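Peer 1: attaching a predicted model along with its sequence, questions to come.
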Amino acid sequence: MTAVLPFRLKAATETQVAPWHTRIVSYRIHGLMRVEDARLVLQWSGASEVIETKGTGTRVKEETLPVRTVTLPVTRVAQLALEGRWWRWRVVLRATDLAAIAEVPGARDGALTLWITRRDREIAAELITNLEIQQADAALAAAEEPPPLPPETS
């Protein structure tokens, strides 16, 4: 059975201020992470709360965010680590290049922090182990491939 890890993402609040107009957008994002077929799959969705003030009136609305998915080959994952103590547990994902996880909210400098609940620590540890096994299998398969032949010269 594939381990599926629920997580939360922390995305920055956006604030726009102009004369007689203020707009504040905050996000609540949740998702799932799993390893399947030598790939790490991140899927997330959530909601945004928009608070707009124009003159003396204020309007608050909530918008649902669409489900998004990022799939990484295990060879593009530099590190997946479980960190934290007591109540503040997280999984830190570091990619081998900046573009790999750039579209995920909260990603910065090729790294992403996935906040998890304390009860999901064992699922996170199992998922990390599965990823490391997939990475070892990919490295072994690459090492067993015969070297490419030199180009023919005429």
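Peer 2: That came through fine. Just so we're clear, the structure is a prediction, and the values are computed from it rather than from any experiment.
Peer 1: which residues of this structure fall in helices?
Peer 2: In the chain, the segments counted as helices under DSSP state H are 121-144.
Peer 1: show me where pLDDT drops low in it?
Peer 2: 1, 154 (pLDDT under 70).
Peer 1: and with 50 instead?
Peer 2: Residues of the chain meeting the criterion pLDDT under 50: none.
Peer 1: what ranges do the strands span in the chain?
Peer 2: For the chain, the strands defined by DSSP state E cover 4-9, 14-18, 21-36, 39-54, 57-73, 77-85, 88-95, 111-116.
Peer 1: now those strands in JSON lines, with distance to residue 104 and mean neighbour count?
Peer 2: No exception for glycine: its C-beta is placed from N, CA and C like everyone else's. Formatted as JSON lines, the strands of the chain follow (distance: least, C-beta to C-beta, whole Å; neighbours: other C-beta atoms under 10 Å):
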{"stretch": "strand 4-9", "distance to residue 104": "7", "mean neighbour count": "18"}
{"stretch": "strand 14-18", "distance to residue 104": "16", "mean neighbour count": "10"}
{"stretch": "strand 21-36", "distance to residue 104": "9", "mean neighbour count": "17"}
{"stretch": "strand 39-54", "distance to residue 104": "6", "mean neighbour count": "17"}
{"stretch": "strand 57-73", "distance to residue 104": "6", "mean neighbour count": "12"}
{"stretch": "strand 77-85", "distance to residue 104": "13", "mean neighbour count": "14"}
{"stretch": "strand 88-95", "distance to residue 104": "9", "mean neighbour count": "18"}
{"stretch": "strand 111-116", "distance to residue 104": "6", "mean neighbour count": "19"}
